[in-house]
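Visitor: Quick one, fold the following:
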Amino acid sequence: MGPRMTRRTLLAASLLTPLSLPVHADDALTLMQRVHDRPSGRDATVTSRMELIERGRPARVRALVSYRVERGRGEAHNLVRFLEPKDIAGTGLLSIDKADGSNEQWLYLPELDRVRRIASDRKGGRFVGSDLYYEDLRTRKPAADRHRLVGQDNVNGVQCEIVESVPVDAAETVYRKRMTWVEASLAMVHRVDYFEKDDRAPSKRWVLASRKQIQGYWTVMESRLTDLGSGHETRLSVERALYDRKLPARLFTQQALADENVEADFRP
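Guide: Residues are numbered from 1 along each chain as shown. Prediction:
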């Protein structure tokens, strides 16, 4: 299917009554490594629609474009730019996931016309008012967690393995644990529950709503991320996805983040 590009980890949260299943830590780690390594092209360009849903208020709609490239040895770069509406247009985020599992992020705010680095202690901060945390936009390597299979469940009409993932170093994440529903045959995630306060009640839940094969790569076309406490929801819908365009390294720089004209040349 061609070279692989690490897919950033998605997010979510929920209560779980696990089915009886033997616990095999090695099998769980292998499955999560397959999810991490699932083929998704040398690079990807995606235009999307983001809807922020809040009870009693009209939906806030945003348009954005994102670029991602695999640099080899587990390193990946990602650039996100908001295009609409006017009050957020131009805002961008650059994430550099390094081979050793560390990450650096920079945010560009047009009204201030400056790039600032996102401090590691802001990993739980919300990204431009959505239910996404800055941490959620970073690639998390499977070795950063201890994994175990805890059951099976049907999601979207698909039988999934349920994997519990607990951080090796609790200080480097806002989540106490994650529960991930994985379609083993495709190594594709259908749901993720994220636990922040305790190990019983999840705080967020990400759910796959629709998917499609584009250029031979399975692509998440629609997803929902819900704050289970407030009910606030972030919906993402892919309008166009392009793979293997040979995106250049200069696109994933602070200069390109600050200068929209550099990035605009690569929009679909």
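Visitor: how close does residue 59 get to residue 138?
Guide: From residue 59 across to residue 138, the span is 27 Å (C-beta to C-beta, to the nearest Å). Placement of C-beta: from N, CA and C, glycine included.
Visitor: neighbours around the closest residue to residue 176 other than its chain neighbours, how many?
Guide: Distance criterion C-beta to C-beta, 6 or more residues apart in numbering; nearest residue to residue 176, sequence neighbours excluded, is residue 195 at 4.8 Å. Residue 195 has 22 neighbours, counted by other C-beta atoms under 10 Å.
Visitor: And residue 241, by the same measure?
Guide: A count of nearby residues for residue 241, using other C-beta under 10 Å, gives 21.
Visitor: and if you look at residue 189?
Guide: Other residues close to residue 189 by other C-beta under 10 Å number 26.
Visitor: got a list of what it touches?
Guide: Counting by C-beta atoms under 8 Å, 6 or more residues apart in numbering, residue 189 touches 10, 35, 180-183, 208.
Visitor: what's the span of stretch 164-171 from first residue to last?
Guide: Counting by C-alpha to C-alpha, to the nearest Å, you get 18 Å between the two ends of stretch 164-171.
Visitor: can you give me the strands in this structure?
Guide: Taking DSSP state E as the test, the strands found in the chain are 43-53, 60-72, 75-84, 92-97, 103-109, 114-117, 145-155, 158-167, 177-183, 188-195, 204-214, 217-227, 233-243.
Visitor: can you state the direction angle for the first one and strand 233-243?
Guide: So the one you mean is strand 43-53. Interaxial angle, strand 43-53 versus strand 233-243 (axes from the mean of the first three to the mean of the last three C-alpha atoms, to 10 degrees): 160 degrees.
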